[in-house]
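>>> need a structure here:
(one chain, ligands or ions: 1)
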Amino acid sequence: MASRDNEQTELEGLPAHEKRQTVRNSSFFKAMRNSLNGIWLILVRERNMRIHVVLAFFILVAGLHYGLYRADWLWVTMAIFIVVFSEFLNTIIEAVVDLVVEKKYHPLAKLAKDVAAGAVLVAVGVEIIILLLIFQPYVWRQFGIVTNFSDLLHQFQQ
Ligand SMILES: Nc1ncnc2c1ncn2[C@@H]1O[C@H](COP(=O)(O)OP(=O)(O)OP(=O)(O)O)[C@@H](O)[C@H]1O
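Just a heads-up that it's a prediction; the model follows:
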């Protein structure tokens, strides 16, 4: 138990002077503060999350550059969300596993962590597919090539 207490004060991203709260949040604002702290902690502790956020920024810039339609923005938002959300779940699972096994090797710990990491990989794969499907007509259009089926139909009708 002592080792867990030490780990708590040494947790990267968590101020050492942080008051140790283990009871329910006394107010909505306290709950909000702890939730924002969770977002801050994952950004400070997880390099992969920082990479996802930077990539999301460039995707948003590309979306603005190409002037995506509203429906396309919904897909792009969902694509970014599933990756960020899966990274949140991955971090939660890693933390809970570490809390339970306390640095000892356990095949179930490996299973939980590897499967959680696999979920992030699947989410990234889905994100890539969505982004390719959404962005490719805009990119081709820049070179004067029409690939969108409805645009093609529209051209024939004219
Ligand atoms: N207690 C454990 N028992 C068995 N295997 C473990 C244990 N801890 C970690 N591993 C193995 O080491 C790998 C890396 O674990 P770690 O907790 O360092 O994740 P990480 O490097 O932060 O991963 P990610 O890049 O997904 O955040 C796991 O995927 C798992 O295969």
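>>> residues from this protein in reach of the ligand?
Taking Cβ under 6 Å from any ligand atom as the contact definition, the chain meets the ligand at 48, 90, 94, 101, 105-106, 109-110, 113-114, 117. The way it works is simple: take the backbone N, C-alpha and C, and place the C-beta from them, glycine included.
>>> Now the buried members of those.
90, 94, 109, 113 (16 or more other Cβ atoms under 10 Å).
>>> what's stretch 108-124 in contact with?
48, 82-83, 85-87, 89-90, 93-94, 97, 100-101 (Cβ atoms under 8 Å, 6 or more residues apart in numbering).
>>> okay, now the domains of the protein?
Per the record, the chain has its domains at 1-15+24-45, 48-143, by automatic domain parsing.
>>> any idea which of those is most buried?
Of the domains of the chain, the one with the most neighbours on average (mean count of other Cβ atoms under 10 Å) is domain 48-143, at a mean of 15.
>>> Could you give the separation between the terminal residues of that domain?
34 Å (Cα to Cα, to the nearest Å).
>>> And it, how far out from the chain middle?
Here the centre of domain 48-143 is set off from its chain's centre by 5 Å, with Cα atoms, centre = their mean, to the nearest Å.
>>> Alright, calling it a day.
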